[in-house]
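> here's my sequence, what's the structure:
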Amino acid sequence: MKRPTTDGISRRDLLKVASRYGLSSTLLGASALTGAITLPRLAEAANSTYEKRFSSEPKHTLKFGASGFNERNMLIERVGGLEFVRDLEERTDGEIRVEFIGDNQICTQLSCVEKTQQGIVDIFAASTQNSAGGAPYYNVLDYAYMFPTRASQYHFLYHPASEQILREPLRQMHKLQFLFSVCELRGLNMGLKWRDRPDVTTIEELAGTKNRVTGTQLGRIAMELLNFNPTPIAWEETLDGLKQGLIDGAETWSSAVAYANMSPVVSQVIDLRFFSGFEHTAMNVDVFDALESHLQDAIMESAYFTQALIQGAHEASLVNTVGASVPQLPGTIFVENGTRYVPFSDEERAKAAQLSAPEFVPQPWEQWRERINGWAGGIDTYTEVHRIAREIPADMLVENVEPRRWWKG
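Here you go, the predicted structure:
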C-alpha cells in the first residue's frame, strides 16, 4: 500500500529548500503533494506556497511549536497542524501568518505546554497527557474507562458541554485555548521479548509488567490499579527503553507507536482502551484574546475545520497506514515491522474497568476527583463526561459522529 513519502528527499535537501523559502512554506508545500516527492517537486511547491503566503504583510505572526511532528510523521498520526495553518492563513487572507516549528526544535512533548504558557511559542501540539505535568487540569480527560470508544471522544469534543467541563477551566487555570485533537484510546504496547509469546488476550497476563507512563497523574492511578507498574519515562526516551528491555511495554496509542518509529521494537499493540489519548493543539489564551474579534472567529472556524478533517483522515490512517485493524492490511507500518495489533474482547475490557474505573473503585480516585471538580467550579466531571460519552451508540463509527461548533452551543 503506497503512502505519500519524502523518502527520496534527504534532511539536508529539505533544509536547503527551507533556507530559501522558509520552513513553514516548505512543509506546507510538501504536505500538499502526493506520491513520491522529488527535490524539484518540493522546491516548486515550496516556491508556490511562499509566493502565496508572502504576497502581503501579516498583521500577526504566530509561532507554532509542534513538538516532534514533521511533514513525514503527520501523514501517520493526522494531528492536523499543517492543515490548520494553511486554512487559517487562507481564511484570514494573510492577516495571520503561522510559523510551524516541529522536530522538537523549539519544544518537546513535555515542554511545549510550559513554553506556550510562557509566551515562547503561541500555539503548540502535544498529547494532553504529556502536557498534564505543566497544566494539571488536563487530568480531567484521564479517568479510567470514561470514554468507551474513539467516537465517544470526538462526540465529547464537539459537545457544547466541553466548554464548561474542559475548555473554560483550561483557559482560567492554565491560560490555554484548546483548539482540536486526534482521538485514540490507550493500550499497552509490548516490547520485543513479547514477540514470541502468544497474543495477550486476558488482563491477568499483563499484571506485574513494567510499563512507561506519561505525565498524567490519573493515568498512573489506572495503571497502579491494573498492576501495570507505571514507570515515568520521557516520550523521547521511550524508544530506547523498549529497545533495551528496561520496560516491558509503554502505555500509548497505535498511531503514536507508528509515527515515533517504535514499531520495530513493539511486538504487540494491545487494544485495552483503558484511558484516553488526545494529541491536541492549543494556544496561549492571552495571544488569542489580544487578536481582533474577526481573527478570533477565524481561529475557531479553522479549529472546527481541522477537527472535522482529523476525524475522518485519522480513522483512515489507522487502517491504511498504521495497521491498527483486524485483519491488518499489507504494506502498513505494523505489518512491515511485524507488529501485531491485538484486539481485546469486550468482556476483558469490562473486567479491566471493574478493577480500575471510578464507578467501580471510587476510593483511589477521590482526592484527584475532588480537586478537579473544584477547579471546574463544582461540576462532577467524571459523571458528566461519562454520561456525554454514552449519548451515542456504543457501535457508532467515528466517521458518523456529527461535527458541531462546540463554542456556539
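> what's the closest non-adjacent residue to A30?
E71 (4.4 Å; C-beta to C-beta, 6 or more residues apart in numbering). For glycine as for every other residue, the C-beta is placed from the backbone atoms N, C-alpha and C.
> all strands of the stretch 151-300 of the chain, in order?
Remark: strands assigned in the stretch 151-300 of the chain by DSSP state E, counting those that start in this stretch are 176-185, 187-190, 211-213, 230-232, 249-252, 268-271, 276-284.
> could you dump those to a markdown table with mean pLDDT, mean neighbour count and distance to D380?
Compiled in a markdown table, the strands of the stretch 151-300 of the chain are given as follows (pLDDT from 0 to 100; neighbours: other C-beta atoms under 10 Å; distance: least, C-beta to C-beta, whole Å):
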| stretch | mean pLDDT | mean neighbour count | distance to D380 |
| --- | --- | --- | --- |
| strand 176-185 | 98 | 25 | 20 |
| strand 187-190 | 96 | 28 | 27 |
| strand 211-213 | 93 | 24 | 26 |
| strand 230-232 | 91 | 15 | 26 |
| strand 249-252 | 95 | 28 | 26 |
| strand 268-271 | 97 | 23 | 29 |
| strand 276-284 | 98 | 26 | 18 |
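> how close does M190 get to P358?
Separation of M190 from P358 (C-beta to C-beta, to the nearest Å) stands at 27 Å.
> before we move on, back to that, for the residue nearest to A30, grab the count of nearby residues.
25 (other C-beta atoms under 10 Å).
> in three-state terms, label it for me.
coil (DSSP: H, G, I helix; E, B strand; the rest coil).
> mind checking pLDDT for it?
Looking at E71, its pLDDT stands at 85.
> now L15
68.
> next: L246.
On pLDDT, L246 comes in at 89.
> which residues touch it?
Contact analysis of L246 by C-beta atoms under 8 Å, 6 or more residues apart in numbering lists D240.
> now it: how far from L166?
For L246, the distance to L166 - C-beta to C-beta - is 34 Å.
> the residue nearest to S24 when sequence neighbours are not counted: neighbour count?
Counting by C-beta to C-beta, 6+ apart, F100 is the residue found nearest to S24 once chain neighbours are left out, at 4.6 Å. For F100, the count of nearby residues is 27 (other C-beta under 10 Å).
> report the beta-bridge partners for the residue nearest the centre of the chain.
With distances taken as C-alpha atoms, centre = their mean, the residue of the chain nearest its centroid is E279 (1.4 Å). The partner list for E279 in beta bridges (DSSP bridges) reads S127, V182.
> does it touch A125 like I think?
Yes. Between E279 and A125 a contact is recorded at 7.0 Å, counting by C-beta atoms under 8 Å.
> now the common contact residues for those two.
With contacts taken as C-beta under 8 Å, 6+ apart, the residues that reach both E279 and A125 are V79.
> what's near enough to touch P232?
For P232, the contact set (C-beta under 8 Å, 6+ apart) comprises R212, V213, G215.
> for the stretch 1-150 of the chain, just list every one of the helices.
11-21, 23-31, 39-53, 81-91, 112-117, 128-131, 150-158 (DSSP state H, counting those that start in this stretch).
> okay, those in TSV with distance to V257 and mean neighbour count next?
Shown next, in TSV, are those (distance: least, C-beta to C-beta, whole Å; neighbours: other C-beta atoms under 10 Å):
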stretch	distance to V257	mean neighbour count
helix 11-21	22	15
helix 23-31	22	24
helix 39-53	28	17
helix 81-91	19	22
helix 112-117	20	23
helix 128-131	15	28
helix 150-158	16	24
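> so which of the ones you listed comes closest to E366?
helix 128-131 (20.9 Å; C-beta to C-beta).
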